[in-house]
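Undergrad: with the sequence up front, the predicted model follows.
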Amino acid sequence: KNNTNNNKKNNNKNNSSNNNKNNSNINNNHHNLQGQEQLKRQRREQLTRQRRQHLELDQLVMVGSAAEGLPGIPGFGPAVARQLLQMFGALDRVLDEAEHNGAALLCVRGIGQ
């Protein structure tokens, strides 16, 4: 009877230890997932900032800046530049369209009028 009680106690200790390990693993997995989500969010924010900076630079090149020594594209103001960049995503794509066909550029108000 004494051995049976000792076995039960040992089983209870093992079960308790296993439960603690399982809970610890669950907590670690939860923290890892939170960390991964935070890294994903930070990466998205970084990419958004970089994209915004590229668009601002493209717009500056299109519009021009005396302070920066950029002549700009004649007839392109901030509104037209912004619309073109929203439509095409980057100055390179705007220039490609202008070289190849240009018809899509006419969809932007202020172009070809």
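TA: Okay, I see it. Since the model is a prediction, treat every value here as computed from it, not as a measurement.
Undergrad: and the average pLDDT for stretch 50-69 is what?
TA: Stretch 50-69 shows a mean pLDDT of 90.
Undergrad: who's in contact with that stretch?
TA: 70-73, 76-78, 81-82, 84-85, 90-91, 94 (CB atoms under 8 Å, 6 or more residues apart in numbering). C-beta: built from backbone N, CA, C; applies to glycine.
Undergrad: and that stretch, how far from the chain's centre?
TA: Computed by CA atoms, centre = their mean, to the nearest Å, the chain-centroid distance of stretch 50-69 equals 21 Å.
Undergrad: repeat for stretch 62-74
TA: 29 Å.
Undergrad: on that earlier part again, quick check: ChimeraX command selecting the buried ones in the contacts of stretch 50-69.
TA: To isolate the buried ones among the contacts of stretch 50-69 in ChimeraX, judged by 16 or more other CB atoms under 10 Å, type:
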select :72,73,76,81,82,84,85,91,94
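Undergrad: which of the contacts of stretch 50-69 lies closest to residue 111?
TA: residue 84 (7.8 Å; CB to CB).
Undergrad: which ones are touching that closest one?
TA: 62, 76, 94, 105, 108, 111.
Undergrad: how about the contacts made by the second one?
TA: Residue 76 sits next to 62, 63, 64, 84 when contact means CB under 8 Å, 6+ apart.
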